[in-house]
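> Here is a sequence together with a model predicted from it:
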Amino acid sequence: MATVRSATRARETFLPFAPPMVGEEEIQEVAETLRSPWISTGPKTQRFELEFGRYLGAPGALALNSCTAALHTALVTLKIGPGDEVITTPITFAASVNVIEHVGARPVLVDVEPDTLNLDPVKVEAAITPRARAILPVHFAGHPVDLDPILEIAHQHGLAVVEDAAHAFPARYRGRPIGSGSNPTAFSFYATKNLTTGEGGMLTGEPEFLNRARIVSMHGMSRDAWRRYDKGGSWRYEVLLPGFKYNMSDIQASLGLCQLRRIDDFQRRRREVVAQYQQAFSGHDALEVPIERPDVEHAWHLYVLRLRPDVLRIDRDRVIEELRVRNIGTSVHFIPVHLHPYVRDKYGYRPNAFPVAYSNYLRMLSLPLYPKLTDRDVADVIRAVLDVVEAHRR
């Protein structure tokens, strides 16, 4: 096994890949909630739903305990089930496909566009069969999917569109915020996301759809606890269907309310970091930088750098190890879904079944990108990346 090359000017401390951006304001808001009469789903959750929906210009919003819960709730509310097919991408976290499996439907994977690594609309149309019920596009890394062609395809074939926007707050497509449309859109507030509630998610969409989704997400009950136990509430409720326990707590919503007030500043810093990375890496023959198409506003949840293996003597995994030795944390987004044993074995996929997804997976790594990064941190990342690729050129 080759020895990892020692860094000549490595950082003295490890730079983590993606710590949360939580400050004193969030701590005070959570403390206030803990001192209040209500800590589970209640007034702050309702307020977070209203303010999040208002920020996006969404028809409505439903706060949940994860993006996975939001996706699952959307599919259940749409009554997608056994015998149905849902078209989605292999370049995503397993949750996007797991929720399709949970409702008993079949995930139909199609390949991605080579520049954005988002679902390719041309391949989507080719994959539609009489069993197709929905398309589940994923806004990879925060770059919006080319939505208009997908929405048109869905309209022509009578399909639902459920957007996985785990990475895409706050992104825009042709001037429209992701999540502002009528179709269900699921957001993630996991610890690494642009806005975090620790764990949590949001489902946006039409009010009538969200009213049904709210029942699905709360044990199938006709009333949540706050509406039963608050002043003027009634203890009576009915279980209308076998629902789930997917509600967000007021503790989580407290974090979300603070983060929502700070999101514009967070995004400004993310764009500053991206600009430094782009300037340093653009034009380097060993590196391919992420793009931002002119008709979108990227959320820049991830900065996914792609290596050019014909220029380097080492592979992606070795580059990651070289960066770790230099105290730079990285990650890979994602191991394509069809490579995981469950999906691979159930559906008989070979690694190259989706050649664009697979070939890009082998050469991608995600660099640190978050508002806490200082200019010195960014310079350390840049120096380490360039040091590695220069040291291992062919």
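That came through fine. Numbering: from 1, shown residues only.
> For the rest of this, base every contact and every neighbour count on C-alpha atoms.
Fine.
> how does the chain divide into domains?
Using automatic domain parsing, the domain parsing of the chain gives 24-259, 263-391.
> Tell me, please, where in the chain the pLDDT is lower than the cut-off.
1-9, 224-233 (pLDDT under 70).
> Show me which positions of the longest helix along it end up buried.
Longest helix of the chain, by residue count under DSSP state H: helix 250-281. Of all the residues in helix 250-281, those buried under the rule 16 or more other Cα atoms under 10 Å are 250-260, 263, 266-267, 269-271, 273-274, 277-278, 280-281.
> With stretch 23-35 instead?
Quick answer for stretch 23-35 (16+ other Cα under 10 Å): E26, E29, V30, T33.
> Let's have the residues you listed in TSV, adding secondary structure.
Below are the buried residues of stretch 23-35 laid out as TSV (DSSP: H, G, I helix; E, B strand; the rest coil):
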residue	secondary structure
E26	helix
E29	helix
V30	helix
T33	helix
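> I'd like the residues you listed written out as CSV, with distance to E125 added.
Formatted as CSV, the buried residues of stretch 23-35 follow (distance: Cα to Cα, whole Å):
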residue, distance to E125
E26, 45
E29, 47
V30, 47
T33, 48
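> which one of those sits closest to F93?
E26 (28.0 Å; Cα to Cα).
> For the closest one, give me its contacts.
S254, L255, C258, Q259 (Cα atoms under 8 Å, 6 or more residues apart in numbering).
> how about a cut-off of 6 Å?
By Cα atoms under 6 Å, 6 or more residues apart in numbering, the contact list for E26 reads L255, C258.
> And it, how close does it get to E199?
Distance, E26 to E199, using Cα to Cα, to the nearest Å: 14 Å.
> Also I382?
Taking Cα to Cα, one finds I382 at 31 Å from E199.
> all strands for the stretch 151-300 of the chain, in order.
Here the stretch 151-300 of the chain has its strands, by DSSP state E, counting those that start in this stretch, at 160-161, 163-164, 172-173, 176-177, 185-188, 201-204, 287-288, 296-297.
> what's the closest of the ones you listed to T92?
Closest approach to T92 among the strands of the stretch 151-300 of the chain is made by strand 163-164 (9.4 Å; Cα to Cα).
> And the contacts of the closest one?
Applying Cα under 6 Å, 6+ apart, the external contacts of strand 163-164 come out as L136, P137, V138, T185, A186.
> re the thing from before, as JSON lines, the domains of the chain with distance to A18 would be great.
Formatted as JSON lines, these follow (distance: least, Cα to Cα, whole Å):
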{"stretch": "domain 24-259", "distance to A18": "6"}
{"stretch": "domain 263-391", "distance to A18": "6"}
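> for these, which one sits closest to L15?
domain 263-391 (5.1 Å).
> what distance separates that closest one from the middle of the whole chain?
Offset of domain 263-391 from its chain centre (Cα atoms, centre = their mean, to the nearest Å): 15 Å.
> Contacts made by stretch 207-217 with the rest, please.
With Cα under 6 Å, 6+ apart, stretch 207-217 has contacts from G60, T77, M221, G243, F244, K245, Y246.
> Out of these, which end up buried?
Among the contacts of stretch 207-217, those scoring as buried are G60, T77, M221, G243, F244, Y246 (criterion: 16+ other Cα under 10 Å).
> from what I can see the fifth one touches V76, true?
So that's F244. No: with contact defined as Cα atoms under 6 Å, F244 does not count as touching V76 (10.3 Å).
> And the residue nearest the centre of the chain, how close does it get to M221?
Nearest residue to the geometric centre of the chain (Cα atoms, centre = their mean): A166, 2.3 Å. Shown here: A166 relative to M221, a distance of 27 Å by Cα to Cα.
> same deal with L307?
51 Å.
> now swap in G142 and tell me
Taking Cα to Cα, one finds G142 at 34 Å from M221.
> Ok, A171 next?
34 Å.
> Over to D120?
According to Cα to Cα, D120 and M221 sit 39 Å apart.
> repeat for V385
Computed with Cα to Cα, the distance linking V385 and M221 is 53 Å.
> can you check H301 too?
Between H301 and M221 the computed distance is 35 Å (Cα to Cα).
> again, but for V388
As judged by Cα to Cα, V388 and M221 stand 56 Å apart.
> pull the CA atoms of whatever helix or strand V356 lives in into PDB?
Secondary structure from DSSP states H and E places V356 in helix 355-361. In PDB, the C-alpha atoms belonging to helix 355-361 read as follows (Å, rounded to 0.1, in the frame of the first residue of the first chain):
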ATOM      1  CA  PRO A 355     -22.800   5.500 -16.400                       C
ATOM      2  CA  VAL A 356     -22.900   9.300 -15.700                       C
ATOM      3  CA  ALA A 357     -23.800   8.800 -12.000                       C
ATOM      4  CA  TYR A 358     -21.200   6.000 -11.500                       C
ATOM      5  CA  SER A 359     -18.300   7.600 -13.300                       C
ATOM      6  CA  ASN A 360     -18.800  10.900 -11.400                       C
ATOM      7  CA  TYR A 361     -19.100   9.100  -8.100                       C
END
